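Asks: What follows is a predicted structure for the sequence shown.
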Amino acid sequence: MTTPVLDVKQLAVQIPVTDGILHAVRDVTLTVARGETLCVVGESGCGKSLTSLAVMGLLPGSARRTAAHMRFAGEDLLTVTPRRLRELRGNRMAMIFQEPMTSLNPAWTIGDQLTEPFLRHGKGNRREATDRAVFLLERVGIAAAGRRLGQYPHELSGGLRQRVMIAMALMCGPDLILADEPTTALDVTIQAEILHLLAELQREFGMGLLLVTHDLGIVARVAHRVAVMYAGEVVESGPTVTVFDEPRHPYTRGLIDCIPIPARSRPGVPLGTIPGLVPSLVGGIEGCAFRDRCAFATEPCARPVPVVTGAEGHAWRCILPSAVPSLLENPA
Amino acid sequence: MSDITATPPPMKLRKKRGRILGNSGLILAGTVLGLITLMAIFAPFIAPYDPYLQTLDDRLIPPAFIDAEMADPRYLLGTDNLGRDYLSRLIYGARISLLIGLLTMLVSGVIGTVLGVAAGYFGGRVDTVVSFLITTRLSLPVVMVALAVVAVAGGSLQVVVLVLGLLLWDRFAVVMRSATMQLRNLEYVAAAQAVGCSTPRILVGEILPNLIPALVVVASYEMAQAILLEAALSFLGLGVQPPLPSWGLMVAEAKEVMLFDPWVILLPGLAICVLVLAINMLGDGIRDVTAPEGRS
Amino acid sequence: MLRFTLRRLLLALVVGVAVSAIAFMLLRISGDLAISLAGEDASPADVERIREQYGLNRPIIVQYAEWLWRAVRGDLGRSLFYPESVANLIMSRLPVTLSLAGAGLVIALLISLPLGIIAALKRNTWVDRGALGVAVIGQAMPNFWFGLLMIFFFGLTLGWLPISGSDTWLHFVMPAITLGWFSAPVLMRLTRGGMVEVMTSDYIRTARAKGLPARVVVLKHALRNAIIPVVALCSVQFGNMLSGSVIIETVFALQGIGYLAWEAISRRDFPVVQGILLLVALFYVALTLLADILNAWLDPRIRRG
C-alpha cells in the first residue's frame, strides 16, 4: 500500500476564549489516499473547517494545534520548517474556501492572482502561467477566459469567483485539495454544478480531495469515504456505502434520516430531526459527547468511549453492538 | 480622529465605573489636568512672586537641577531674562492656556454642534449648505488666517478666543453631523416624531443627550488644539501680548537667549506639552470608556 | 468615474470662489485697514488719505470684484513693502515651501508607514503600544518648540546643521523633519487601522494558502488595500503642511511663502497676505480634490464599478 497523501493522527485544536479553553477539535484521525475523495461532514461548529485549516497551517493566531503526526505525502507538517511549508502550500496542497465573495483580493486582477502561485513556486515563466490560467479557467467552465484575466474580482459573480478559486487551487497541479464548504455561500443551482466540477476534476487529475461539508446529500454522490464529525470528534468513518448502509453511530443515523430522498419523503411526513443541542466545548467533555441527544444512551456512555474498528476501515466511536436502525416512522 | 464613536449604548453603572478605574491613562490624565486646573485657579495663593515683577539684578538665574552653583534658593525654577520668577510665570501661564482652551472650545463647540446637528437632523438642503461650509472652512489655513486677523484686530485674549473659536468648529460639525444622522434613524426618534413631539423637543430631549459622549471627546481634542494654536500665535508675536505670561510667548522670549540658557526654552514648552498630553489622553480615555465594545 | 470627477470639480470651483471671498473680506472685516496701515497714532487726515489712496472707501463688494477679476488673470496687486508684484513675490518663494512640504511628506511617510505596519502586525504588544505612545506624545508637543529644540541640539550644540536660511538642502533637513514629525501620527494611525482590518480578511488567508512568503502577503496583498486611504490623506496632509509652513519657516527663517506671510502680516502688507491666503486655500481645495480622485482611482471597485 502506498503512503496516503494525507495522514492525520490525533489532531487537536484549542482556542482560548474568555471563560476557558475551547476544545474545538479533539482526537481527530483521518487519512486521504491518492486519488480519493474524503468527505468530512457535521453540523456548524463541529470543528470540520478548523480541521482543514489546521492541516494548511492557517488557523487563527490564538489557536493551538497538537497532533501525534500530520503527514503530507510522508512529510510531517508539524515539524517542517516554515519555508518548506510555504513550498508545499499552494503548490502540492491547495485550499478552496467557503466565501468566494471575500476570498479574492479586490485590488489585483484575476490574472495576477491566478498566475501568482504558479510563478511563485517556479513552475514556469509568465507566458506559461498565463496559458495555464486560461486553460484552467476554461476547464472550470468560464467562457472568454482570456478576457477574465484582466478583470477584477468585483466584476465577477459569486459562482464565477468560486470557479476562479478552484482554478487557482489547480494552478500548480496539487496532490491534495482541501475544500472548505466550497458551495455553502452559493445559490442552490450553482452548488450542484460546482460540486460536480470538483468531483470531475478530482478524477481527471487524480488528486486527493478533502471536502468539508454539512450536506450528506453531497457526500452520497461524490465521496469515496466519509468521516462524520460531532463536537470536535470523528464519531464514525469509513467507505461511503458502508457508512450509509450500516451506520454504527446514532448521530450518523440521525444525519442520514435528515436527508430528503424523493422516493421516501412525502408531503406531511416529517423528515428526521435530532433533538437537543450540541454541548459546550469549553472545558472538557467526559464520555460520549452525543449522549444527551442520543435515544440509545446508557450509563456507560458517560465514560470514555473507545474507537471500534470494523471491516474495510469502517470505524466508530460508540458502544452499541450493531448498526443503528432508522428512527423514521416508515422507512423506505 | 475618525475612530470617534457616536452613540454608546446604555451601560450598567458598575461596569462603567470598572472601565474607568481599569483605564490607567484616564486616571493619570484626569489627575494631571485636575492639578493644573487647581494651580491655575489658585495661582495668586500658590505663586511665590508677582509674575510681572522684574528684578533686573536677578536675571537668568538657572534652577538648581540645571546648575546647582548658579542657582538661587529664592527662585525654584530660576528667572527669565527680565529677572521675573519663572515658576510664578509658569503658574500664571496655566490660566491663559486653560482659559483660551476652554473658551475657544465653547465658541467652536456651539457653532459646530448647531451646524452639525442641523445638517444631520434635517438633511437635504441644510446638509448641503453645512457640508459646503465645512469644506470651505477646511480649505482655510488656520494659522495664517488667525495671524492675519489678529494682526488687524489687535492681539488680545478676546480676539484670540474669537478667531480660534470661529476657525476650529469643523470637527465638531463633522462628528455631530454623522452622529445625529445615525440617531435620527433610530426607532425612538421615529416614535417621538410619530406621537407629535415638536422638533426642538426631539432635538433637546432625544438627540442631544445621546451626543454628549462624542461631544466630550471632540471637545477635548479641540481644546488641546486651541491651546497649541494660542501658543503658536503668541510665539509668532501675534497672539497674547507681553507682558502676559503666555507659555508660547515665554518660548518666544526665551528664544533670544537659548544659546547660553537652553532651560528657559525647555520649561514653558514642557508645560504646554504636559497640559496638551493630559487633555488628549483624557479624550482618548473617555472614548475608550464610552465606546460600545470597550477597547478592541 | 467621469461623472464623479466632474461633480467634484464643480464643488471645488464653488469652494474656491468662497475661499477667495473669505481671503479678501477677512482683513477688511477684522478691523479698519486704513488705520492699521497708517499706524495707531496717525492723524484722521492721514488715515483718510490712505483710505482714498488704496480705494478702501469704495463698497467692499466692488473692491472684491475688482480684486478677483485681476486675480483670475494672475494679477494679485503690488506689495506695499517690496518693489515687486505680489504674484512674482509668491512665485519666487513658492519653490522653497513646496520642497519643504514635499520633503516633510516623505519624512512623515518614512516614519508612519513602517511604524503603522509593524504596529498592526504586532497588535496589542509592547511594539504597538510604544508606537502609539510616541504618536500621542509627539502630537502634544508644540511644533515651534520641537523646532527650537532641534536647532539647539543639532544646530547650536552639535553644529551639524545650519539653523536658519534656505541656501542649501541642509537648511531643509530640520524644518522637513519637524513638519514630517507632526504629520506622521495621523498617517500612522490610519495605516495601522487599515492594516489591522485587512490582515484579518479572507483574501489574506488565501494569499497565505498560496504559499507566499510573509513579505509578499503583507506588502503586496495587505498594504495595497490598506494604503488607499493613506495615499488620499497624504494629499490633504500636503495641504496642511503648506499652511503649517508659516510656523516652521518662521522658526528656521526659511524663505518660503510661510515666512513671507508672517513678514507681510507683521508689516501690514495686506496685498501679499491676501495673495498667499488665496493661494494656499486654492492649493488645499485642489489637493482635497486630488485626494478624492486618488481614493476612487486606487480602488478598482470604484474605478471600474
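Replies: Yes, it's here.

Asks: what residues does the stretch 1-150 of chain B put near chain C?
Replies: Contact residues, the stretch 1-150 of chain B versus chain C (Cβ under 8 Å from any Cβ of the partner chain): B:2-3, B:132, B:135-136, B:138-145, B:147-149. Bear in mind the C-beta positions are built from the backbone N, C-alpha and C, glycine included.

Asks: Same check on chain A?
Replies: Applying Cβ under 8 Å from any Cβ, we find that chain A lies next to chain C at A:56, A:58, A:85-91, A:94-95, A:97, A:99, A:102-108, A:116-117, A:120-121, A:152, A:154-155, A:165, A:168.

Asks: Which of those residues are buried, as a ChimeraX select command?
Replies: A single ChimeraX command suffices to select whichever of these are buried according to 16 or more other Cβ atoms under 10 Å in any protein chain shown:
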select /A:56,58,85,86,87,88,89,90,91,94,95,97,99,102,103,104,105,107,108,116,117,120,121,152,155,165,168
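
Asks: Strands - which of the residues of chain A next to chain C land there?
Replies: Of the residues of chain A next to chain C, the ones assigned to strands by DSSP state E are A:Ala94, A:Met95.

Asks: quick one, what contacts the residue in the stretch 151-300 of chain A that chain C sits nearest to?
Replies: Closest residue of the stretch 151-300 of chain A to chain C, Cβ to the nearest Cβ: A:Tyr152 (4.2 Å). The contact partners of A:Tyr152, taken as Cβ atoms under 8 Å, 6 or more residues apart in numbering or on different chains, are A:Pro106, A:Ala107, A:Trp108, A:Thr109, A:Ile110, C:Pro300, C:Arg301, C:Arg304.

Asks: again with A:Ala289
Replies: Remark: with contacts taken as Cβ under 8 Å, 6+ apart, A:Ala289 is in contact with A:Tyr230, A:Ala231, A:Gly232, A:Glu233, A:Val278, A:Pro279.

Asks: ok, of those residues, which one's closest to chain B?
Replies: A:Val278 (26.6 Å).

Asks: pretty sure the closest one contacts A:Gly232?
Replies: No. A:Val278 is beyond contact range of A:Gly232, at 9.6 Å (criterion: Cβ atoms under 8 Å).

Asks: which residues do the two both contact?
Replies: Joint contacts of A:Val278 and A:Gly232 (Cβ under 8 Å, 6+ apart) are A:Cys46, A:Ala289.

Asks: if we can go back for a sec, would a markdown table of the contacts of A:Ala289 with distance to chain B, neighbour count and pLDDT be doable?
Replies: As requested, the contacts of A:Ala289 are arranged in a markdown table below (distance: Cβ to the nearest Cβ, whole Å; neighbours: other Cβ atoms under 10 Å in any protein chain shown; pLDDT from 0 to 100):
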| residue | distance to chain B | neighbour count | pLDDT |
| --- | --- | --- | --- |
| A:Tyr230 | 33 | 27 | 90 |
| A:Ala231 | 29 | 23 | 88 |
| A:Gly232 | 28 | 27 | 88 |
| A:Glu233 | 33 | 25 | 89 |
| A:Val278 | 27 | 18 | 76 |
| A:Pro279 | 28 | 16 | 77 |
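
Asks: In terms of distance to A:Ser52, which of those ranks first?
Replies: Closest approach between these and A:Ser52, by Cβ to Cβ: A:Gly232, at 13.8 Å.

Asks: For the stretch 1-150 of chain B, give me the ranges with low pLDDT.
Replies: B:1-22, B:75 (pLDDT under 70).

Asks: thinking again about what came up before, what two of the residues of the stretch 1-150 of chain B next to chain C are the furthest from one another?
Replies: Most distant of the residues of the stretch 1-150 of chain B next to chain C, by Cβ to Cβ, are B:Asp3 and B:Ala148, 33.5 Å apart.

Asks: Those two - which one has more neighbours?
Replies: Ranked by neighbour count (other Cβ atoms under 10 Å in any protein chain shown), B:Asp3 and B:Ala148 place B:Ala148 first, with 27 against 12.

Asks: wait, what's in contact with that one?
Replies: C:Leu26, C:Leu27, C:Ser30, C:Ile265, C:Val273, C:Leu277.

Asks: quick one, helices of the stretch 51-200 of chain A?
Replies: For the stretch 51-200 of chain A, helices defined by DSSP state H, counting those that start in this stretch occupy the ranges A:82-88, A:110-120, A:126-139, A:145-148, A:158-170, A:188-205.

Asks: want to throw those helices into TSV with distance to chain B and mean pLDDT?
Replies: Shown next, in TSV, are the helices of the stretch 51-200 of chain A (distance: least, Cβ to the nearest Cβ, whole Å; pLDDT from 0 to 100):
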stretch	distance to chain B	mean pLDDT
helix A:82-88	28	91
helix A:110-120	30	93
helix A:126-139	39	92
helix A:145-148	36	90
helix A:158-170	29	90
helix A:188-205	34	85
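
Asks: Reformat these as TSV; add distance to C:Leu190.
Replies: Shown next, in TSV, are the helices of the stretch 51-200 of chain A (distance: least, Cβ to Cβ, whole Å):
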stretch	distance to C:Leu190
helix A:82-88	30
helix A:110-120	26
helix A:126-139	34
helix A:145-148	33
helix A:158-170	29
helix A:188-205	38
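
Asks: Just confirm B:Glu253 contacts B:Arg89, I think it does.
Replies: No. In terms of Cβ under 8 Å, B:Glu253 does not count as a neighbour of B:Arg89; the distance is 9.8 Å.

Asks: The two - which one has more neighbours?
Replies: Higher neighbour count among B:Glu253 and B:Arg89: B:Arg89, with 28 against 22, using other Cβ under 10 Å.

Asks: Not counting sequence-adjacent ones, nearest residue to that one?
Replies: B:Pro245 (4.0 Å; Cβ to Cβ, 6 or more residues apart in numbering or on different chains).

Asks: just A:Thr102 next, same as before
Replies: Here the residue nearest A:Thr102, using Cβ to Cβ, 6+ apart, is C:Asp202, at 4.1 Å.

Asks: burial measure for that neighbour, as a count.
Replies: Neighbour tally, C:Asp202, other Cβ under 10 Å: 16.

Asks: hang on, it packs against A:Ser103?
Replies: Yes. Contact criterion Cβ under 8 Å: C:Asp202 and A:Ser103 qualify, at 4.5 Å.

Asks: shared neighbours, those two?
Replies: A:Phe97.

Asks: Point out where the chain drops to low pLDDT.
Replies: You didn't say which chain, so I picked chain A. A:1, A:261-271, A:328-332.

Asks: Hmm, no, I was thinking of chain C.
Replies: Flagging of chain C using pLDDT under 70 yields the residue ranges C:1, C:30, C:40, C:304-305.

Asks: In it, which residue sits nearest chain B?
Replies: Closest point on chain C to chain B, by Cβ to the nearest Cβ, is C:Ser243, at 2.9 Å.

Asks: residue contacts, that residue?
Replies: Applying Cβ under 8 Å, 6+ apart, we find C:Ser243 in contact with B:Pro141, B:Val142, B:Val143, B:Met144, C:Val280, C:Tyr284.

Asks: Neighbours of residue 283, how many?
Replies: Let's take chain A. A:Gly283 has 12 neighbouring residues, counting by other Cβ under 10 Å.

Asks: not what I meant, chain C
Replies: Look at C:Phe283: counted by other Cβ under 10 Å, it has 21 neighbours.
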